[in-house]
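Enquirer: Output the structure for:
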Amino acid sequence: MAHVSSLSRQALFLRPDPTRVVVRRFKPATEPRDLNSKEKTRANHIVDRVLGLDSETAASQLIDVLENFDGRHRNLLRTFELRCDEMEEAFDPHPVFTRIQRQLIGAYFLHEYSFEAAALFNPSIVPHPDQLGVAPDEKRFILSLRAVGEGHISSLTFRTGTVRANGAIHVDPAVRLASVPKVLAREPLPDGEAVELTFSPDEDISERLIFPVTPSQSNGIEDARFVEFRDGPHRTYYATFTAYSGSAIRSELIETTDFQTFRMAPMRGSAARNKGMALFPRKINGRYAMIGRQDNENLYLIYSDDLFAWDGGVAILRPRFPWEFVQIGNCGSPIELDEGWLLLTHGVGAVRKYSIGAVLLDKDDPSKVLARSSEPLVRPEPSEREGYVPNVVYTCGAMRHGDVLVLPYAVSDTFSAFATIRIDALLREMRD
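Expert: Below is the predicted model of the structure:
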């Protein structure tokens, strides 16, 4: 039930699509069961079988593979060749492969992965860097979403769309194809590594999938909170996200100016050991500022001179109302208004029901809470209660468009929906 009179749910839903796939590395065991034996590895068994085919049969098998996967991926033959190159060190000495053998062998060490087969949720939204051709009373945006596939591995995917003059939201259809980026560089760091990634400029943004590329992310890139950060004339898009290794979590940062090339690096410090950090869209009194939740219960304001180092902080928000008695957290980066910083929050109440609320912070000193919603702005409707995790509505960031707040939100960790809220009405319904 919505408690803001001007909140309008849109008849627009983004649901997981299992037909969207990428090819990922498949690597069978490359060590023999007994290290003292002469037993060949499984990888070399595969190579031997391919090399045992005569040239005509090998060519026929490669054609069969290409026909089977036609239209599902870009540059598939080149992908096969690159994969064979990557596996070379696992292969025993062998004759020089023909090109067909190399392509066919590479195909045996790849598999398709349906990256959003299970869920498409926890969206954030920012203005598109390219507003050319957009009417003055409209705005083009980029939406980031958490996609979940087999093994509950989370990755980062994107959509584009437009907010119309009448407040209606249009999301552009996703391109059927999808691709993972090329790794341009890896930089070893004391607490992990930074990576630089790039996509081909001729790929639509909806094709671009950022899949885990470091050990700290191996089981998921979760809940990216994108923000358009302004520093004088410079504009950079940052996103904090949770990196999950399968046994540990930590906060990391994505940086991009064009959503084609990205840099990802870990953050350090006591405040970065948990999840749910959100960066303010500009410096405050010459310093970076972040909202975080170090103790799994309260919200903290943290300052830093280093974008990647976050320690300490002061608690500014604690659970106060019944719908947030279990814990509170942020729902994306604060949004600057004339009246102050509007911070969306989530609260967890009885039976672990998640709802979305809001807080207004002082513009010059965000540690001062000016007002907060005593009731949720959005809580799960009866039609929004069922899913992978029942009774949850959640967002990783909203966007201001004139007098309206554009709010994409996730439903029960399964799919995403949209609402708009009149900002003046929202502020009137908040209290100190």
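
Enquirer: Residue 251 is in contact with residue 267, isn't it?
Expert: Yes - proximity of residue 251 to residue 267 meets the contact threshold set by C-beta atoms under 8 Å, at 5.0 Å. In this view, the C-beta of every residue, glycine as well, is placed from N, C-alpha and C.

Enquirer: Quickly list what's touching both of those two.
Expert: The contact sets of residue 251 and residue 267 overlap at 240, 277, 310 (C-beta atoms under 8 Å, 6 or more residues apart in numbering).

Enquirer: Now do the residue nearest to the first one when sequence neighbours are not counted: how many residues are near it, please.
Expert: With C-beta to C-beta, 6 or more residues apart in numbering as the criterion, residue 240 has its nearest non-adjacent residue at 4.4 Å, and that residue is residue 277. Applying other C-beta atoms under 10 Å, we find 27 other residues in the vicinity of residue 277.

Enquirer: Which parts of whichever strand or helix holds residue 22 count as buried, going by neighbours?
Expert: For residue 22, the host element (DSSP states H and E) is strand 21-25. Using 16 or more other C-beta atoms under 10 Å as the test for burial, strand 21-25 gives 21, 22, 23, 24.

Enquirer: Looking at these, which two lie furthest apart in space?
Expert: Greatest spacing in the buried residues of strand 21-25, by C-beta to C-beta: 21 and 24 (9.3 Å).

Enquirer: Now do the shared contacts for those two.
Expert: The contact lists of residue 21 and residue 24 share 112, 113, where a contact means C-beta under 8 Å, 6+ apart.

Enquirer: So for the residue lying farthest from the centre of the chain, what pLDDT did the model give?
Expert: The centre of the chain is farthest from one residue, residue 54, which by C-alpha atoms, centre = their mean lies 45.8 Å away. You'll see residue 54 listed with a pLDDT of 98.

Enquirer: Go ahead and confirm residue 239 touches residue 227.
Expert: Yes - at 7.2 Å, residue 239 counts as touching residue 227 under the criterion of C-beta under 8 Å.

Enquirer: Could you check which of the two has the larger neighbour count?
Expert: residue 239 (26 against 23).

Enquirer: gap between residue 314 and residue 76?
Expert: 54 Å (C-beta to C-beta, to the nearest Å).

Enquirer: So the closest residue in space to residue 418 that isn't next to it in sequence: helix, strand or coil?
Expert: Excluding its sequence neighbours, the residue lying closest to residue 418 (C-beta to C-beta, 6+ apart) is residue 10, at 4.2 Å. Classification of residue 10 using DSSP: H, G, I helix; E, B strand; the rest coil returns strand.

Enquirer: Please tell me how far residue 10 sits from residue 420.
Expert: Taken as C-beta to C-beta, the spacing of residue 10 relative to residue 420 amounts to 7 Å.

Enquirer: Pull up the overlap in contacts between these two.
Expert: residue 169.

Enquirer: Those two: which has the busier surroundings?
Expert: residue 420 (20 against 17).

Enquirer: pretty sure residue 379 contacts residue 321?
Expert: No - using C-beta under 8 Å, residue 379 is not in contact with residue 321; the gap is 12.0 Å.

Enquirer: With neighbour numbers in mind, choose between these two.
Expert: Taking other C-beta under 10 Å, residue 379 and residue 321 do not tie; residue 379 has more neighbours (22 against 16).

Enquirer: How about the secondary structure of the spatially most central residue of the chain?
Expert: Closest residue to the average C-alpha location of the chain: residue 156 at 3.3 Å, with C-alpha atoms, centre = their mean. Judged by three-state DSSP, the three-state class of residue 156 is strand.

Enquirer: Contact partners for the residue lying closest to it once chain neighbours are set aside?
Expert: Excluding its sequence neighbours, the residue lying closest to residue 156 (C-beta to C-beta, 6+ apart) is residue 210, at 4.1 Å. By C-beta under 8 Å, 6+ apart, the contact set of residue 210 is 155, 156, 157, 180, 181, 197, 221, 254, 262, 264.

Enquirer: Hmm, the fifth one is touching residue 259, no?
Expert: No - with the criterion set as C-beta under 8 Å, residue 181 and residue 259 do not qualify as a contacting pair; they are 11.1 Å apart.

Enquirer: Can you work out which residues contact both of those two?
Expert: Common neighbours of residue 181 and residue 259 are listed as residue 208 (criterion: C-beta under 8 Å, 6+ apart).

Enquirer: Counting neighbours, what do you get for residue 64?
Expert: Residue 64: 10 neighbours (other C-beta under 10 Å).

Enquirer: Would you confirm that it belongs to a helix?
Expert: Yes - secondary structure of residue 64 (three-state DSSP): part of a helix.

Enquirer: going forward, begin numbering at 247 instead of 1
Expert: Renumbered: residue one is now 247, and that last one reads residue 310.

Enquirer: Can you read off the pLDDT for it?
Expert: You'll see residue 310 listed with a pLDDT of 98.

Enquirer: same check, this time on the one 3 residues further on
Expert: Taken from the predicted model, the pLDDT recorded for residue 313 is 96.

Enquirer: can you check residue 284 too?
Expert: At residue 284, the pLDDT recorded in the model is 45.

Enquirer: Same check on the one 3 residues further on?
Expert: Among the per-residue scores, residue 287 holds a pLDDT of 84.

Enquirer: Can you give me the separation between it and residue 337?
Expert: Distance, residue 287 to residue 337, using C-beta to C-beta: 9 Å.
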